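In: Need the 3D shape of this:
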Amino acid sequence: MGQPSYSIEEVYKEIVAINGYFTENDNGQLTVNNAHKLIDDYCHSWCVSENGECHDYFQLASCSVFYLLNNLKDKFDSKYDKLAEYAILWLSYKLNQNKKYSTIELNDFYTNYIEKNDNYNNKINDDDDNMTYKEIINKNNDLMDNNEISKFNGPFSILCILYNEINKTNWNCNKCSKDANEFVQKYKELNENSNINGNPSYSKLLSTLSNDYDNLKKKCTDFPPLTELTPKKSSTQNPVVNTVDSPGKGAEKVLGDTPEVTSSSSSILNTVIPGLSIFAIPVFLGVAYKVNNNELKTIIFKLYFCDPLYAFIKKYIIIFPFLY
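Out: Numbering: from 1, shown residues only. Below you'll find the predicted structure:
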């Protein structure tokens, strides 16, 4: 796989920092870590400009997503889809750290705390044709299915732990082997889940985590390898239906017809057509007999019979030459 142009280590360093900015315990007590002064000052002014509450978990989460996007934008060299992936991954992970907020739908969070927030209307860069922060999130809104994105929380949190360790001066691979093994197991479960691996967006996200782990494995060669990413057909996808190809390519099977069905249909037609002819021939012979114009006779027959059947009937006409 190609190497990214951005530093994975720096990406996770920013994610770990923003994740430690605020927490809330089971008693509902919100704690803001003032050690992250840059984040705190930024979010405080941001909340005031939006007339929001700086000590509201959702407001702080929204501000943190924006801060994360803003801080990482230059590291991704316009790869904004990848930037949005990490932002959505972190948001899902952060909301699920507290049971009180784990039930909120990401789409609802987007509507209330991103879509309605004017700060997200700012362009990522100053170029006139550049996207806004809101647009890069919305472009990847197919990743906001709680049932699926929440399955990434476990492996993503492990990567955060591992990258936080390697940023330390005294880290060693042996201390991280347990976490590495756990990541491999969780990755395997996602890889075998057709709703994940069979979905292009989630399969792409899984590939991102795979690349991030492989980057760690280069530093710790004893880390176990990952299973190969093998895309599967999602159980939620509609079955493929065969359709008629474009003109000039011949007849194709439609709606899954099998050769047996085609053969059976042909057999039925071969049986029915002669049977119908027994009753139809005398009627139209009588009509033809009353008509003296040979050309008109031919028209009458062709109006009611296809060309092959007309040829079949004409055999009977030969027997009765007085008709012509």
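In: need the contact list for Leu38.
Out: Shown in contact with Leu38 (Cβ atoms under 8 Å, 6 or more residues apart in numbering): no residues. C-beta here means a position set from N, CA and C on the backbone, and glycine is covered the same way.
In: Give me the phi and psi angles of it.
Out: phi -60, psi -40 (degrees, to the nearest 10).
In: Next one: it from Lys94, what distance?
Out: For Leu38, the distance to Lys94 (Cβ to Cβ, to the nearest Å) stands at 18 Å.
In: Over to Asn215?
Out: Relative to Lys94, and taking Cβ to Cβ, Asn215 is found at 23 Å.
In: Thr208 too?
Out: Distance from Thr208 to Lys94, by Cβ to Cβ: 18 Å.
In: circling back to that earlier point, which of Asn215 and Lys94 has more residues huddled nearby?
Out: Each of Asn215 and Lys94 has its neighbours counted (other Cβ atoms under 10 Å); Lys94 has more, 22 against 18.
In: name the helices or strands packed onto the strand or helix carrying that one?
Out: If you go by DSSP states H and E, Lys94 is part of helix 80-95. Packing partners of helix 80-95 (3 or more Cβ pairs under 8 Å, 6 or more residues apart in numbering; DSSP states H and E): helix 8-19, helix 57-72, helix 106-110, helix 133-138, helix 146-149, helix 153-166, helix 200-219.
In: How about the contacts made by Ser62?
Out: Contacts of Ser62 (Cβ under 8 Å, 6+ apart): Phe109, Tyr113, Ile114, Asn117.
In: on that earlier part again, which among the helices and strands packed on helix 80-95 is found nearest to Val184?
Out: Val184 lies closest to helix 200-219 among those, at 7.9 Å (Cβ to Cβ).
In: could you give me the average pLDDT of the closest one?
Out: In this model, helix 200-219 has an average pLDDT of 95.
In: Buried residues, that helix. List them.
Out: Within helix 200-219, the residues scored as buried using 16 or more other Cβ atoms under 10 Å are 201-203, 205-206, 208-210, 212-213, 215-217.
In: Give me the contacts around that helix.
Out: 1, 4, 8, 12, 82, 85, 89, 140, 142-143, 148-149, 152, 155-156, 159, 162-163, 166, 173, 180, 183-184, 187, 190-191, 195-197, 223, 225-226, 229, 231.
In: now do 7 Å
Out: 1, 8, 82, 85, 142-143, 148, 152, 155-156, 159, 162, 166, 183, 187, 190-191, 196-197, 223, 226, 229, 231 (Cβ atoms under 7 Å, 6 or more residues apart in numbering).
In: same thing with stretch 180-196?
Out: Outside stretch 180-196, the residues that reach it (Cβ under 7 Å, 6+ apart) are 148, 151, 154-155, 158-159, 162, 197, 202-203, 206, 209-210, 213, 223-224, 226-227, 229-230, 232-236.
In: Show me which of those are buried.
Out: 148, 151, 154-155, 158-159, 162, 197, 202-203, 206, 209-210, 213, 223, 226, 234.
In: Now stretch 170-188: buried residues?
Out: Quick answer for stretch 170-188 (16+ other Cβ under 10 Å): Cys173, Cys176, Asp179, Ala180, Phe183, Val184, Lys186, Tyr187.
In: same deal with stretch 56-73?
Out: So stretch 56-73, judged by 16+ other Cβ under 10 Å, has buried residues 57, 59-69, 71-73.
In: in the stretch 151-300 of the chain, which segments are predicted with low confidence?
Out: 232-300 (pLDDT under 70).
In: nearest to Asn33, of the buried residues of stretch 170-188?
Out: Of the buried residues of stretch 170-188, the one sitting nearest to Asn33 (Cβ to Cβ) turns out to be Asp179, at 23.5 Å.
In: That closest one is in contact with Leu159, isn't it?
Out: No - contact criterion Cβ atoms under 7 Å: Asp179 and Leu159 do not qualify, at 9.0 Å.
In: Distance check, Asn121 against Asp222.
Out: 48 Å.
In: so where is the stretch 1-150 of the chain shaky, pLDDT-wise?
Out: For the stretch 1-150 of the chain, the ranges with pLDDT under 70 are 1-6, 46-54, 77-78, 127-129.
In: What is the burial count for the residue nearest to Phe152 when sequence neighbours are not counted?
Out: Counting by Cβ to Cβ, 6 or more residues apart in numbering, Phe152 lies nearest to Leu89, which is 6.1 Å off, once chain neighbours are set aside. Around Leu89 there are 23 other residues, counting by other Cβ under 10 Å.
In: Against Asn25, how distant is Leu89?
Out: Counting by Cβ to Cβ, the gap from Leu89 to Asn25 is 24 Å.
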